[in-house]
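# Need the 3D shape of this:
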Amino acid sequence: MPLKQLNTLHRYEQDKEKSASQALQTAEFEYQQNIERLKSVTDYRLEYMKRLNARSLEGIDSATFSHFHAFIAKLDNAAEQVDIAIMQSKSMVEKRKKQWLAQRQKIQAVELLLDKKRSALETKANKLEQKMFDEIATQQFVRRRMLL
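Presented below is the predicted three-dimensional model:
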């Protein structure tokens, strides 16, 4: 494969790696957001439980008590939903990380090919240069012999 095509392939694979990296960062951000959501829901539930406890000590009617428990059940349900979202986002992070690593390996393979191609071209250029110097030396030797 010509060097120009390898360079084009390298740029293409680098663009794909950049996209994979951005997708990984997005997945990691969403995962962190879900963890923060769970903490918020858990903290709010704890605060609400403290309010229920304080109100219970003062005396509370059954309707208010039922309202508190219904809302706590909604918070528990919200926490379960966020737990599911955390598992899904963590799975997505792992998937995106694998994709990014696979793309990184492709780039490394192309870079290895580029290095080999450049080395081969350099070796070829060095041989041509040496051949040219040998030819010049031979011509100078022949001229000197003719002059003697």
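
# Output the below-cut-off pLDDT ranges for this protein.
Along the chain, the model assigns pLDDT under 70 to residues 148.

# For Arg96, pull up the helix or strand it's in.
Using DSSP states H and E, Arg96 maps to helix 62-147.

# now the angle between helix 62-147 and the helix or strand hosting Gln25, please.
According to DSSP H and E, Gln25 maps onto helix 3-58. Helix 3-58 and helix 62-147 are oriented at 160 degrees to each other (axes from the mean of the first three to the mean of the last three Cα atoms, to 10 degrees).

# so what's the residue nearest to the spatial centre of the chain closest to, chain neighbours aside?
Centroid-nearest residue in the chain, with Cα atoms, centre = their mean: Ser21, separated by 3.1 Å. Distances taken as Cβ to Cβ, 6 or more residues apart in numbering put Trp100 closest to Ser21, at 5.7 Å, once the chain neighbours are dropped. (Glycine included, C-beta is placed from N, CA and C.)

# That neighbour: neighbour count?
21 (other Cβ atoms under 10 Å).

# go on, the one 4 residues further on?
The tally of other residues near Arg104 (other Cβ under 10 Å) stands at 14.

# Pull the contacting residues for it.
Glu17 (Cβ atoms under 8 Å, 6 or more residues apart in numbering).
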